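# Generate coordinates for the sequence data below:
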Amino acid sequence: MKILLIGCGHMGSAMLTGWLKRPDIVRIDVVDPTATAPDSPLVHMHTAMSPAIGTPDIAVLAVKPQVMGDVCTQIAPHLDQTVPVLSIAAGIPLTSLVRYLGSGRAYIRVMPNMPGAIGKGISGFYADPKVSGKQISMVESLLSALGDFVQVSEESHIDSVTAVSGSGPAYVFALTEALENAAKNLGLDEALAARLARATVIGAASLMDHEKDLKPSDLRRSVTSPGGTTAAALDVLSKNQALQTLLVDAVKAAQKRAQDLAQSQ
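This is a model prediction of the structure:
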């Protein structure tokens, strides 16, 4: 497989690192005027589109949403219409990609998330009807470098994926911050509070990963003794469904923002 990677920032480099471990990839052309080339004979760096790139099997757009239009304008004359395009830019709908790069090609929208940088992420993707089964398999192979992946049946669901898993790591980080502050409120020093909060969140997430057959609710019940300390804390969190309501409202706000960004294109 030959890949053209446009943009090699945080997520672009994460994907590139994962791809270098795959035996089915024979060449990766990276177009980025500022990126540093990794030490691999598979990778060819370019500051701009070049005839040396040839015709890749897929082009991956890993640039910031605000520069997508300008970048696509620069690459469009050099990208054959037979080449499918995968975009990881949040808030850029397929209609915008078609406007930038033409209606003759196949398009895939992907929403990865931050843990993909260490191969522990989950990506959601939507493929337009022009994408063939062979191309879907190619997309899945590329996304596996970041961790798990799911395919959604409607493009609008990408906004929901963005709200849940794309932004989701920040919710977990915010929870960790809150737990740390709660520990300090109980009189623990800052270093100890930080260590306890971080290790607790990491341990709980690792346990969920290890016990894949158990639902989070099952694990929650296994930690909660009737009338015990955990039950007392959960009674506060569940009063008037406070935690559930807060998260629903937060995710809906993120989804609406994603929708607003798409409509502004």
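# For this structure, which residue occupies the most central location?
Closest to where the C-alpha atoms of the chain average out (C-alpha atoms, centre = their mean) is Pro112, at 1.5 Å.
# What is the burial count for the nearest residue to Ala205 once chain neighbours are set aside?
For Ala205, ignoring the flanking residues on the chain, the nearest one in space by C-beta to C-beta, 6 or more residues apart in numbering is Val172 at 7.7 Å. C-beta: built from backbone N, CA, C; applies to glycine. By other C-beta atoms under 10 Å, 15 other residues sit near Val172.
# Can you give me the separation between Val172 and Thr200?
From Val172 across to Thr200, the span is 12 Å (C-beta to C-beta, to the nearest Å).
# circling back to that earlier point, tell me who's in contact with the residue nearest to the centre of the chain.
Shown in contact with Pro112 (C-beta atoms under 8 Å, 6 or more residues apart in numbering): 11, 15, 88, 121, 123, 143, 146, 166.
# Ok, Arg109 next?
Contacts for Arg109 (C-beta under 8 Å, 6+ apart) come out as 86-87, 92-94, 97, 125-126, 155, 158.
# Now which of those residues would you call buried?
86-87, 92-94, 97, 125-126, 155, 158 (16 or more other C-beta atoms under 10 Å).
# Sort out which one of those lies nearest Asp24 for me.
If you rank the buried ones among the contacts of Arg109 by distance to Asp24 using C-beta to C-beta, Leu86 comes first, at 16.1 Å.
# For this protein, give me the ranges with low pLDDT.
Along the chain, the parts satisfying pLDDT under 70 run over 265.
# any idea how far the closest residue to Ala250 other than its chain neighbours is from Val71?
Using C-beta to C-beta, 6+ apart and skipping residues adjacent in sequence, the residue nearest Ala250 is Tyr171, 6.8 Å away. Going from Tyr171 to Val71 by C-beta to C-beta gives 30 Å.
# Sketch out the helices for this protein, chain order is fine.
Using DSSP state H, the helices of the chain run over 10-19, 68-75, 94-101, 133-143, 157-161, 168-185, 190-210, 216-223, 229-238, 242-263.
# Dump those helices to a markdown table, plus distance to Ile108.
As requested, the helices of the chain are exported to a markdown table (distance: least, C-beta to C-beta, whole Å):
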| stretch | distance to Ile108 |
| --- | --- |
| helix 10-19 | 13 |
| helix 68-75 | 15 |
| helix 94-101 | 9 |
| helix 133-143 | 5 |
| helix 157-161 | 10 |
| helix 168-185 | 21 |
| helix 190-210 | 27 |
| helix 216-223 | 30 |
| helix 229-238 | 39 |
| helix 242-263 | 16 |
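# Out of those, flag the one nearest Val26.
Proximity to Val26 (C-beta to C-beta) singles out helix 10-19 among the helices of the chain, at 10.8 Å.
# That closest one versus helix 133-143: what angle between them?
Relative orientation of helix 10-19 versus helix 133-143 (axes from the mean of the first three to the mean of the last three C-alpha atoms, to 10 degrees): 100 degrees.
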